[in-house]
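Novice: Model the structure of this input:
(one chain, ligands or ions: 1)
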Amino acid sequence: MKIKTIVEPFKIKSVEPLRFTTRAERQSILRKAGYNLFNIYAADVLIDLLTDSGTSAMSAHQWSGMIEGDEAYAGAKSFYHLEQTVRDLTGFRHIIPTHQGRAAEKILFNIMGGEGKIVPNNTHFDTTRANVEISGAQALDLPVPESLDPSLNRKFKGNMNIRALGALLRERGSHKIPLVMLTVTNNSNAGQPVSMSNIRRTSELCRTHGIPFFLDACRFAENAYFIKIREKGYRQKSIREIAREMFSYADGCTMSGKKDGLVNMGGFLAVNDEELARNARNILVVTEGFSTYGGLAGHDLEAFARGLDEVLQEEYLRYRIRSVSYLGEELHQSGIPIYHPPGGHAIYLDASSFLPHIPGHAYPGQALACEIYLAGGIRSCEIGSVMFGKKDAASGEFIPARLEMVRLAIPRRVYTQSHIDYVVECISDVFKKRKKINGMRIVYEPPVLRHFTARFKPL
Ligand code: P61
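Specialist: Sure thing, here's the model as predicted:
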(Lines give C-alpha, C1' and ligand atoms only; values in the text may rest on other atoms or scores of the structure.)
Protein backbone atom coordinates (compact mmCIF):
# COMPACT_ATOMS: atom_id res chain seq x y z
CA MET A 1 0.00 0.00 0.00
CA LYS A 2 1.40 3.41 -0.97
CA ILE A 3 0.49 5.98 1.69
CA LYS A 4 0.13 9.57 0.53
CA THR A 5 -0.46 11.15 3.94
CA ILE A 6 2.59 12.76 5.50
CA VAL A 7 2.78 11.31 8.99
CA GLU A 8 4.66 13.59 11.39
CA PRO A 9 7.27 11.33 13.02
CA PHE A 10 6.45 12.67 16.50
CA LYS A 11 3.46 13.25 18.74
CA ILE A 12 2.70 16.47 20.59
CA LYS A 13 3.29 16.58 24.32
CA SER A 14 3.15 20.29 25.04
CA VAL A 15 1.14 22.92 23.20
CA GLU A 16 1.17 26.69 22.92
CA PRO A 17 -2.11 28.54 22.26
CA LEU A 18 -2.47 30.75 19.19
CA ARG A 19 -4.27 34.11 19.22
CA PHE A 20 -6.76 34.94 16.49
CA THR A 21 -7.14 38.54 15.29
CA THR A 22 -9.63 40.22 12.96
CA ARG A 23 -8.72 41.79 9.62
CA ALA A 24 -9.49 45.26 11.07
CA GLU A 25 -7.10 44.60 13.97
CA ARG A 26 -4.40 43.44 11.56
CA GLN A 27 -4.89 46.55 9.46
CA SER A 28 -4.10 48.75 12.44
CA ILE A 29 -1.23 46.47 13.61
CA LEU A 30 0.37 46.76 10.16
CA ARG A 31 0.03 50.54 10.07
CA LYS A 32 1.63 50.88 13.52
CA ALA A 33 4.45 48.52 12.49
CA GLY A 34 5.34 50.69 9.48
CA TYR A 35 4.31 47.78 7.25
CA ASN A 36 7.37 45.87 8.42
CA LEU A 37 6.53 42.37 9.69
CA PHE A 38 9.66 42.30 11.88
CA ASN A 39 8.01 45.09 13.93
CA ILE A 40 4.90 43.08 14.79
CA TYR A 41 4.33 41.42 18.17
CA ALA A 42 4.58 37.65 17.73
CA ALA A 43 1.35 37.40 19.75
CA ASP A 44 -0.43 39.16 16.87
CA VAL A 45 0.64 36.44 14.44
CA LEU A 46 -1.38 33.27 13.90
CA ILE A 47 1.02 31.25 11.75
CA ASP A 48 4.60 32.49 11.95
CA LEU A 49 6.57 31.65 8.81
CA LEU A 50 8.99 34.56 9.21
CA THR A 51 11.87 32.17 9.72
CA ASP A 52 12.88 28.59 10.41
CA SER A 53 15.72 29.96 12.54
CA GLY A 54 15.58 29.27 16.27
CA THR A 55 11.88 28.43 15.98
CA SER A 56 12.11 24.62 16.08
CA ALA A 57 10.23 22.57 18.63
CA MET A 58 12.73 20.61 20.69
CA SER A 59 12.20 16.94 21.52
CA ALA A 60 11.62 15.56 25.02
CA HIS A 61 15.19 14.22 24.81
CA GLN A 62 16.53 17.72 24.13
CA TRP A 63 14.44 19.24 26.94
CA SER A 64 15.76 16.66 29.36
CA GLY A 65 19.24 17.68 28.19
CA MET A 66 18.39 21.25 29.22
CA ILE A 67 18.14 20.04 32.83
CA GLU A 68 21.26 17.96 32.54
CA GLY A 69 23.27 20.79 30.95
CA ASP A 70 26.54 21.43 32.79
CA GLU A 71 26.75 25.13 33.67
CA ALA A 72 30.44 25.13 34.67
CA TYR A 73 32.27 28.21 33.38
CA ALA A 74 35.22 26.21 32.06
CA GLY A 75 35.40 22.63 30.81
CA ALA A 76 31.67 21.90 31.03
CA LYS A 77 30.67 18.31 30.20
CA SER A 78 28.03 19.64 27.78
CA PHE A 79 30.70 21.42 25.74
CA TYR A 80 32.68 18.19 25.34
CA HIS A 81 29.49 16.41 24.30
CA LEU A 82 28.89 19.06 21.61
CA GLU A 83 32.54 19.05 20.56
CA GLN A 84 32.56 15.27 20.13
CA THR A 85 29.24 15.31 18.27
CA VAL A 86 30.48 17.97 15.84
CA ARG A 87 33.83 16.22 15.38
CA ASP A 88 32.13 12.90 14.64
CA LEU A 89 29.82 14.61 12.17
CA THR A 90 32.24 16.93 10.39
CA GLY A 91 35.69 15.52 11.00
CA PHE A 92 36.98 19.07 11.73
CA ARG A 93 39.62 19.33 14.43
CA HIS A 94 38.78 22.56 16.24
CA ILE A 95 35.24 23.31 17.38
CA ILE A 96 34.60 26.86 18.56
CA PRO A 97 31.13 27.43 20.03
CA THR A 98 29.33 30.72 19.34
CA HIS A 99 25.94 32.06 20.33
CA GLN A 100 24.69 31.85 16.72
CA GLY A 101 25.81 31.65 13.10
CA ARG A 102 26.67 35.29 12.53
CA ALA A 103 29.02 35.31 15.52
CA ALA A 104 31.03 32.53 13.84
CA GLU A 105 30.99 34.58 10.61
CA LYS A 106 32.15 37.69 12.44
CA ILE A 107 35.15 35.87 13.93
CA LEU A 108 36.05 34.17 10.64
CA PHE A 109 35.94 37.33 8.51
CA ASN A 110 37.58 39.42 11.19
CA ILE A 111 40.60 37.13 10.73
CA MET A 112 40.38 36.29 7.02
CA GLY A 113 38.55 39.25 5.46
CA GLY A 114 39.89 42.75 4.95
CA GLU A 115 40.24 45.63 2.51
CA GLY A 116 40.82 44.66 -1.14
CA LYS A 117 39.85 40.99 -0.67
CA ILE A 118 37.06 39.09 -2.41
CA VAL A 119 34.98 36.32 -0.82
CA PRO A 120 33.02 34.24 -3.37
CA ASN A 121 29.98 32.17 -2.35
CA ASN A 122 27.21 30.42 -4.31
CA THR A 123 25.04 33.11 -2.66
CA HIS A 124 25.87 34.92 0.56
CA PHE A 125 23.06 35.11 3.06
CA ASP A 126 22.60 38.67 4.32
CA THR A 127 24.49 38.22 7.63
CA THR A 128 27.42 36.58 5.80
CA ARG A 129 27.45 39.40 3.27
CA ALA A 130 27.29 41.99 6.06
CA ASN A 131 30.19 40.38 7.96
CA VAL A 132 32.34 40.11 4.81
CA GLU A 133 31.63 43.74 3.88
CA ILE A 134 32.17 45.09 7.39
CA SER A 135 35.70 43.60 7.24
CA GLY A 136 36.31 45.71 4.10
CA ALA A 137 36.19 42.74 1.70
CA GLN A 138 33.83 42.27 -1.25
CA ALA A 139 31.13 39.57 -1.01
CA LEU A 140 30.69 38.07 -4.47
CA ASP A 141 27.77 35.78 -5.41
CA LEU A 142 28.41 33.16 -8.08
CA PRO A 143 25.12 31.23 -8.45
CA VAL A 144 24.44 28.98 -11.44
CA PRO A 145 22.47 30.74 -14.21
CA GLU A 146 19.46 28.38 -13.92
CA SER A 147 18.90 29.56 -10.33
CA LEU A 148 17.64 32.86 -11.74
CA ASP A 149 14.63 31.23 -13.41
CA PRO A 150 11.98 30.44 -10.76
CA SER A 151 9.96 28.29 -13.17
CA LEU A 152 12.78 25.89 -14.06
CA ASN A 153 12.64 22.48 -12.39
CA ARG A 154 16.21 21.31 -11.74
CA LYS A 155 17.71 19.13 -9.04
CA PHE A 156 20.49 21.35 -7.67
CA LYS A 157 19.75 24.99 -8.37
CA GLY A 158 21.75 25.98 -5.29
CA ASN A 159 25.06 25.04 -6.95
CA MET A 160 28.15 27.23 -7.25
CA ASN A 161 28.91 28.46 -10.77
CA ILE A 162 32.11 26.45 -11.21
CA ARG A 163 33.15 28.10 -14.45
CA ALA A 164 32.84 31.63 -13.01
CA LEU A 165 34.65 30.55 -9.84
CA GLY A 166 37.49 28.99 -11.85
CA ALA A 167 37.95 32.19 -13.88
CA LEU A 168 37.94 34.31 -10.73
CA LEU A 169 40.47 32.14 -8.91
CA ARG A 170 42.79 32.12 -11.95
CA GLU A 171 42.54 35.88 -12.30
CA ARG A 172 42.79 36.94 -8.64
CA GLY A 173 44.50 34.00 -6.90
CA SER A 174 45.06 33.37 -3.23
CA HIS A 175 46.50 36.81 -2.42
CA LYS A 176 43.10 38.40 -3.21
CA ILE A 177 40.79 35.54 -2.26
CA PRO A 178 41.26 34.49 1.37
CA LEU A 179 38.60 31.75 1.25
CA VAL A 180 35.68 30.45 -0.78
CA MET A 181 32.31 29.74 0.88
CA LEU A 182 29.46 27.51 -0.17
CA THR A 183 26.06 27.85 1.48
CA VAL A 184 24.14 24.57 1.90
CA THR A 185 21.28 24.75 1.24
CA ASN A 186 21.35 28.04 -0.63
CA ASN A 187 18.97 30.16 1.44
CA SER A 188 19.04 33.33 -0.67
CA ASN A 189 18.40 31.19 -3.74
CA ALA A 190 15.14 29.70 -2.52
CA GLY A 191 16.66 27.08 -0.21
CA GLN A 192 17.90 25.07 -3.18
CA PRO A 193 20.37 22.25 -2.52
CA VAL A 194 23.97 21.94 -3.68
CA SER A 195 25.04 18.63 -5.21
CA MET A 196 27.92 16.55 -3.85
CA SER A 197 29.70 16.80 -7.18
CA ASN A 198 29.44 20.61 -7.01
CA ILE A 199 30.86 20.59 -3.46
CA ARG A 200 33.68 18.32 -4.62
CA ARG A 201 34.49 20.42 -7.68
CA THR A 202 34.46 23.66 -5.68
CA SER A 203 36.83 22.04 -3.22
CA GLU A 204 39.15 20.79 -5.97
CA LEU A 205 39.32 24.27 -7.52
CA CYS A 206 40.18 25.78 -4.15
CA ARG A 207 42.88 23.15 -3.49
CA THR A 208 44.45 23.81 -6.92
CA HIS A 209 44.76 27.48 -6.05
CA GLY A 210 45.76 26.96 -2.40
CA ILE A 211 42.63 28.70 -1.12
CA PRO A 212 40.73 27.49 1.98
CA PHE A 213 37.20 26.24 1.37
CA PHE A 214 34.41 26.72 3.94
CA LEU A 215 30.82 25.55 4.12
CA ASP A 216 28.03 27.71 5.53
CA ALA A 217 26.45 24.60 6.98
CA CYS A 218 23.22 25.91 8.60
CA ARG A 219 21.04 23.44 6.68
CA PHE A 220 23.56 20.67 6.01
CA ALA A 221 21.14 17.83 6.91
CA GLU A 222 18.40 19.03 4.56
CA ASN A 223 21.06 19.34 1.85
CA ALA A 224 22.33 15.82 2.60
CA TYR A 225 18.79 14.44 2.26
CA PHE A 226 18.39 16.09 -1.16
CA ILE A 227 21.70 14.50 -2.23
CA LYS A 228 20.40 11.13 -1.05
CA ILE A 229 17.19 11.30 -3.06
CA ARG A 230 18.39 13.26 -6.11
CA GLU A 231 22.03 12.45 -6.80
CA LYS A 232 23.20 9.23 -8.38
CA GLY A 233 25.11 6.90 -6.07
CA TYR A 234 23.74 8.13 -2.73
CA ARG A 235 20.42 6.23 -2.26
CA GLN A 236 21.99 3.53 -0.15
CA LYS A 237 24.08 5.86 2.01
CA SER A 238 22.99 7.11 5.43
CA ILE A 239 22.48 10.83 6.02
CA ARG A 240 25.46 10.80 8.38
CA GLU A 241 27.70 9.28 5.70
CA ILE A 242 26.54 11.85 3.16
CA ALA A 243 27.01 14.74 5.59
CA ARG A 244 30.50 13.47 6.48
CA GLU A 245 31.43 13.36 2.83
CA MET A 246 30.16 16.94 2.34
CA PHE A 247 32.29 18.19 5.23
CA SER A 248 35.31 16.12 4.17
CA TYR A 249 35.84 18.40 1.15
CA ALA A 250 36.02 21.56 3.29
CA ASP A 251 38.65 23.12 5.55
CA GLY A 252 36.04 24.40 7.98
CA CYS A 253 32.50 25.63 8.36
CA THR A 254 30.29 28.18 10.04
CA MET A 255 27.06 26.86 11.51
CA SER A 256 23.89 28.30 12.93
CA GLY A 257 22.44 25.62 15.20
CA LYS A 258 19.15 27.50 15.02
CA LYS A 259 18.40 25.66 11.78
CA ASP A 260 19.58 22.06 11.46
CA GLY A 261 20.84 22.00 15.06
CA LEU A 262 17.15 21.93 16.08
CA VAL A 263 17.79 24.42 18.87
CA ASN A 264 16.55 27.87 19.74
CA MET A 265 20.07 29.27 20.17
CA GLY A 266 23.58 28.15 19.23
CA GLY A 267 26.25 28.03 16.57
CA PHE A 268 29.88 27.20 15.96
CA LEU A 269 32.93 27.78 13.85
CA ALA A 270 34.81 24.58 13.02
CA VAL A 271 38.25 24.56 11.40
CA ASN A 272 41.20 22.28 10.75
CA ASP A 273 43.90 24.93 10.77
CA GLU A 274 45.67 25.23 14.14
CA GLU A 275 46.67 28.89 13.83
CA LEU A 276 43.25 29.97 12.59
CA ALA A 277 41.68 28.18 15.56
CA ARG A 278 44.04 29.92 17.98
CA ASN A 279 43.24 33.34 16.51
CA ALA A 280 39.51 32.57 16.54
CA ARG A 281 39.60 31.56 20.22
CA ASN A 282 41.44 34.79 21.06
CA ILE A 283 38.60 36.82 19.54
CA LEU A 284 36.02 34.47 21.08
CA VAL A 285 37.08 35.19 24.66
CA VAL A 286 36.79 38.94 24.06
CA THR A 287 33.46 38.99 22.24
CA GLU A 288 31.56 35.77 23.00
CA GLY A 289 32.90 33.97 26.05
CA PHE A 290 35.40 31.34 27.17
CA SER A 291 36.34 28.71 24.59
CA THR A 292 34.19 25.98 26.17
CA TYR A 293 30.92 27.91 26.07
CA GLY A 294 31.25 30.75 23.53
CA GLY A 295 28.19 32.75 24.52
CA LEU A 296 25.99 29.72 25.24
CA ALA A 297 24.62 28.34 28.49
CA GLY A 298 25.51 24.75 29.34
CA HIS A 299 21.89 23.76 28.66
CA ASP A 300 22.10 25.24 25.14
CA LEU A 301 25.27 23.25 24.42
CA GLU A 302 23.59 20.03 25.60
CA ALA A 303 20.38 20.54 23.60
CA PHE A 304 22.45 21.45 20.54
CA ALA A 305 24.54 18.25 20.78
CA ARG A 306 21.34 16.20 20.99
CA GLY A 307 19.69 18.15 18.15
CA LEU A 308 22.61 17.46 15.81
CA ASP A 309 22.05 13.73 16.31
CA GLU A 310 18.27 13.89 15.89
CA VAL A 311 18.41 15.90 12.68
CA LEU A 312 20.20 13.03 10.95
CA GLN A 313 17.22 10.69 11.40
CA GLU A 314 15.93 9.78 8.00
CA GLU A 315 12.22 9.63 8.99
CA TYR A 316 12.52 13.15 10.29
CA LEU A 317 14.15 14.45 7.10
CA ARG A 318 11.67 12.61 4.87
CA TYR A 319 8.80 14.27 6.74
CA ARG A 320 10.60 17.62 6.71
CA ILE A 321 11.28 17.75 2.98
CA ARG A 322 7.90 16.20 2.05
CA SER A 323 5.89 18.57 4.23
CA VAL A 324 7.62 21.63 2.78
CA SER A 325 7.04 20.41 -0.77
CA TYR A 326 3.38 19.67 0.13
CA LEU A 327 2.88 23.40 0.70
CA GLY A 328 4.60 24.14 -2.62
CA GLU A 329 2.48 21.63 -4.52
CA GLU A 330 -0.80 22.88 -3.05
CA LEU A 331 0.07 26.50 -3.89
CA HIS A 332 1.17 25.53 -7.40
CA GLN A 333 -2.08 23.64 -7.97
CA SER A 334 -3.98 26.81 -7.07
CA GLY A 335 -2.07 28.61 -9.84
CA ILE A 336 0.15 30.57 -7.45
CA PRO A 337 3.64 31.30 -8.81
CA ILE A 338 6.32 29.78 -6.62
CA TYR A 339 10.03 29.21 -7.07
CA HIS A 340 10.51 25.65 -8.45
CA PRO A 341 11.28 23.15 -7.17
CA PRO A 342 10.37 23.60 -3.47
CA GLY A 343 13.39 24.27 -1.24
CA GLY A 344 14.38 22.40 1.90
CA HIS A 345 13.15 24.77 4.60
CA ALA A 346 10.77 27.09 2.82
CA ILE A 347 8.53 27.85 -0.12
CA TYR A 348 9.41 31.04 -1.92
CA LEU A 349 6.58 32.88 -3.65
CA ASP A 350 7.64 34.49 -6.90
CA ALA A 351 6.44 38.02 -6.13
CA SER A 352 7.33 39.38 -9.61
CA SER A 353 4.91 36.95 -11.26
CA PHE A 354 2.34 37.21 -8.46
CA LEU A 355 2.25 41.02 -8.78
CA PRO A 356 3.57 41.78 -12.28
CA HIS A 357 2.12 45.31 -12.12
CA ILE A 358 4.47 46.27 -9.23
CA PRO A 359 8.06 47.10 -10.31
CA GLY A 360 11.12 46.23 -8.18
CA HIS A 361 11.51 49.76 -6.82
CA ALA A 362 7.97 49.54 -5.40
CA TYR A 363 8.89 46.36 -3.49
CA PRO A 364 6.41 43.71 -4.72
CA GLY A 365 7.64 41.20 -2.12
CA GLN A 366 6.99 43.58 0.77
CA ALA A 367 3.52 44.42 -0.58
CA LEU A 368 2.72 40.71 -0.90
CA ALA A 369 4.02 39.82 2.56
CA CYS A 370 1.83 42.54 4.11
CA GLU A 371 -1.22 41.39 2.15
CA ILE A 372 -0.74 37.79 3.33
CA TYR A 373 -0.56 38.98 6.93
CA LEU A 374 -3.70 41.01 6.41
CA ALA A 375 -5.53 38.05 4.88
CA GLY A 376 -4.83 35.51 7.63
CA GLY A 377 -2.37 36.69 10.29
CA ILE A 378 0.39 34.76 8.52
CA ARG A 379 3.87 36.24 8.84
CA SER A 380 6.35 35.68 6.00
CA CYS A 381 9.61 37.34 5.01
CA GLU A 382 10.47 39.42 1.96
CA ILE A 383 13.62 38.18 0.24
CA GLY A 384 13.89 40.63 -2.62
CA SER A 385 14.73 44.27 -3.17
CA VAL A 386 14.09 45.31 0.44
CA MET A 387 16.72 42.81 1.62
CA PHE A 388 19.11 42.90 -1.34
CA GLY A 389 18.24 45.94 -3.52
CA LYS A 390 20.71 48.82 -3.50
CA LYS A 391 21.52 52.18 -4.97
CA ASP A 392 24.35 52.52 -7.46
CA ALA A 393 27.09 54.47 -5.62
CA ALA A 394 27.87 56.71 -8.62
CA SER A 395 24.49 57.33 -10.29
CA GLY A 396 22.19 56.79 -7.29
CA GLU A 397 20.11 54.57 -9.56
CA PHE A 398 18.06 51.78 -7.93
CA ILE A 399 19.45 48.27 -8.55
CA PRO A 400 16.77 45.66 -7.76
CA ALA A 401 17.52 42.24 -6.27
CA ARG A 402 17.99 39.39 -8.76
CA LEU A 403 14.68 37.86 -7.62
CA GLU A 404 11.64 39.31 -5.84
CA MET A 405 10.47 36.63 -3.44
CA VAL A 406 8.42 36.13 -0.32
CA ARG A 407 9.65 33.29 1.84
CA LEU A 408 7.29 31.03 3.76
CA ALA A 409 9.83 29.40 6.08
CA ILE A 410 8.57 26.38 7.96
CA PRO A 411 9.69 26.05 11.59
CA ARG A 412 10.82 22.49 12.30
CA ARG A 413 8.27 20.17 14.01
CA VAL A 414 5.94 23.08 14.89
CA TYR A 415 2.95 23.23 12.53
CA THR A 416 0.59 20.46 11.40
CA GLN A 417 -0.88 19.85 7.99
CA SER A 418 -4.05 21.79 8.82
CA HIS A 419 -2.01 24.88 9.68
CA ILE A 420 -0.41 24.54 6.25
CA ASP A 421 -3.80 24.01 4.55
CA TYR A 422 -4.97 27.25 6.16
CA VAL A 423 -1.91 29.04 4.72
CA VAL A 424 -2.77 27.74 1.24
CA GLU A 425 -6.38 28.95 1.57
CA CYS A 426 -5.33 32.46 2.65
CA ILE A 427 -2.69 32.88 -0.05
CA SER A 428 -5.14 31.61 -2.70
CA ASP A 429 -7.55 34.31 -1.59
CA VAL A 430 -4.83 36.99 -1.88
CA PHE A 431 -4.02 35.65 -5.34
CA LYS A 432 -7.63 36.15 -6.48
CA LYS A 433 -7.46 39.80 -5.43
CA ARG A 434 -3.89 40.42 -6.60
CA LYS A 435 -4.72 43.14 -9.13
CA LYS A 436 -5.90 45.43 -6.34
CA ILE A 437 -2.59 45.26 -4.42
CA ASN A 438 -0.37 48.35 -4.53
CA GLY A 439 3.40 48.72 -4.14
CA MET A 440 5.28 50.26 -1.20
CA ARG A 441 7.76 53.01 -0.61
CA ILE A 442 10.39 53.22 2.12
CA VAL A 443 9.97 56.11 4.55
CA TYR A 444 12.85 55.15 6.89
CA GLU A 445 15.89 52.89 6.47
CA PRO A 446 19.03 52.19 8.54
CA PRO A 447 22.49 51.90 6.88
CA VAL A 448 22.84 48.06 7.15
CA LEU A 449 20.41 45.11 7.13
CA ARG A 450 17.62 47.55 6.46
CA HIS A 451 14.83 44.98 6.22
CA PHE A 452 14.85 44.54 10.02
CA THR A 453 13.87 48.11 10.87
CA ALA A 454 12.85 49.92 7.66
CA ARG A 455 9.40 51.53 7.65
CA PHE A 456 7.09 51.62 4.64
CA LYS A 457 3.94 53.27 3.34
CA PRO A 458 1.63 51.80 0.70
CA LEU A 459 1.67 53.70 -2.60
C1 P61 B 1 16.85 32.93 8.24
F2 P61 B 1 15.80 37.97 8.13
N3 P61 B 1 19.19 32.73 8.61
O4 P61 B 1 17.03 32.29 7.18
P5 P61 B 1 22.19 33.24 12.66
N6 P61 B 1 23.78 31.64 7.00
C7 P61 B 1 22.58 31.30 6.51
C8 P61 B 1 21.44 31.66 7.19
O9 P61 B 1 20.26 31.29 6.70
C10 P61 B 1 21.54 32.40 8.42
C11 P61 B 1 22.83 32.70 8.90
C12 P61 B 1 23.92 32.31 8.17
C13 P61 B 1 18.03 33.21 9.07
C14 P61 B 1 17.87 34.11 10.24
C15 P61 B 1 17.86 35.50 9.74
O16 P61 B 1 18.12 39.22 8.01
C17 P61 B 1 18.04 38.01 8.58
O18 P61 B 1 22.21 32.11 13.61
C19 P61 B 1 22.50 30.53 5.25
O20 P61 B 1 20.83 33.78 12.40
O21 P61 B 1 23.15 34.31 13.03
C22 P61 B 1 20.40 32.83 9.12
O23 P61 B 1 22.71 32.61 11.28
C24 P61 B 1 23.03 33.42 10.20
C25 P61 B 1 16.74 36.11 9.22
C26 P61 B 1 19.06 36.15 9.69
C27 P61 B 1 16.83 37.37 8.65
C28 P61 B 1 19.14 37.43 9.12
O29 P61 B 1 15.74 33.29 8.63
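Novice: State the phi and psi torsions of G166.
Specialist: In terms of degrees, to the nearest 10, the main-chain angles of G166 are phi -60, psi -50.
Novice: quick one, what contacts it?
Specialist: With contacts defined as CB atoms under 8 Å, 6 or more residues apart in numbering, the neighbours of G166 are L205. In short, each C-beta sits where N, CA and C put it, glycine included.
Novice: Let me see the confidence value for it.
Specialist: On pLDDT, G166 comes in at 98.
Novice: ok, longest helix in this structure?
Specialist: Of all the segments assigned as helix in the chain under DSSP state H, the longest by residue count is helix 314-333.
Novice: if you look at it, does any of it touch the ligand?
Specialist: No. With CB under 6 Å from any ligand atom as the criterion, the ligand is not reached by helix 314-333; the gap is at least 13.7 Å.
Novice: M255 in helix, strand or coil?
Specialist: Secondary structure for M255, judged by DSSP: H, G, I helix; E, B strand; the rest coil, is strand.
Novice: Please list all residues in contact with it.
Specialist: M255 makes contacts with 101, 104, 216-218, 220, 261, 267-270, as judged by CB under 8 Å, 6+ apart.
Novice: residue in the chain nearest to the ligand?
Specialist: Here the chain gets closest to the ligand at one residue, G101, 2.6 Å apart by CB to the nearest ligand atom.
Novice: still on that earlier bit, wait, which of the contacts of M255 is closest to S395?
Specialist: Out of the contacts of M255, the one with the shortest distance to S395 is D216. That distance is 32.2 Å, counting by CB to CB.
Novice: quick one: contacts for the nearest residue to that closest one once chain neighbours are set aside?
Specialist: Using CB to CB, 6 or more residues apart in numbering and skipping the chain neighbours, the partner closest in space to D216 is T183 (4.1 Å). By CB under 8 Å, 6+ apart, T183 lies in contact with 121-125, 128, 158, 194, 215-216, 218.
Novice: and if we set it to 6 Å?
Specialist: Neighbour list for T183: 121-122, 216 [criterion: CB atoms under 6 Å, 6 or more residues apart in numbering].
Novice: Considering only those residues, which also neighbour the ligand?
Specialist: When CB under 6 Å from any ligand atom is applied, the members of those adjacent to the ligand are D216.
Novice: Output the contacts of T183 in CSV; the columns should cover neighbour count.
Specialist: Output for the contacts of T183, formatted as CSV (neighbours: other CB atoms under 10 Å):
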residue, neighbour count
N121, 25
N122, 29
D216, 27
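Novice: Can you show me the helices along the stretch 51-200 of the chain?
Specialist: Under the criterion DSSP state H, counting those that start in this stretch, helices of the stretch 51-200 of the chain are mapped to 60-68, 77-90, 101-112, 126-134, 162-176, 196-209.
Novice: ranking these by burial, who's on top?
Specialist: helix 101-112 (a mean of 24; mean count of other CB atoms under 10 Å).
Novice: what helices or strands is that helix leaning on?
Specialist: In terms of contacts (3 or more CB pairs under 6 Å, 6 or more residues apart in numbering; DSSP states H and E), helix 101-112 is packed against helix 126-134, strand 252-256, strand 267-271, helix 274-287.
Novice: and stretch 2-11, how far apart are its ends?
Specialist: Taking CA to CA, to the nearest Å as the measure, stretch 2-11 stretches 22 Å from start to finish.
Novice: could I get the helices and strands packed on helix 101-112 as CSV with mean pLDDT?
Specialist: As requested, those are arranged in CSV below (pLDDT from 0 to 100):
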stretch, mean pLDDT
helix 126-134, 95
strand 252-256, 98
strand 267-271, 98
helix 274-287, 98
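Novice: could I get those as JSON lines with distance to T90?
Specialist: Putting those into JSON lines (distance: least, CB to CB, whole Å) gives the following:
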{"stretch": "helix 126-134", "distance to T90": "18"}
{"stretch": "strand 252-256", "distance to T90": "7"}
{"stretch": "strand 267-271", "distance to T90": "6"}
{"stretch": "helix 274-287", "distance to T90": "14"}
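Novice: Tell me which of those lies nearest to D70.
Specialist: Distance to D70, taken as CB to CB, is lowest for strand 267-271 among the helices and strands packed on helix 101-112, at 17.2 Å.
Novice: right, is the closest one up against the ligand?
Specialist: Yes. Using CB under 6 Å from any ligand atom as the criterion, contacts between strand 267-271 and the ligand involve G267.
Novice: now do stretch 151-162
Specialist: No. No part of stretch 151-162 sits near the ligand under the criterion CB under 6 Å from any ligand atom; the closest distance found is 10.5 Å.
Novice: And the pLDDT for the closest residue to I67 other than its chain neighbours?
Specialist: Spatial nearest neighbour of I67, excluding adjacent residues (CB to CB, 6+ apart): H299 at 7.5 Å. According to the predicted model, the pLDDT of H299 comes to 98.
Novice: Likewise for I410?
Specialist: Looking at I410, its pLDDT stands at 98.
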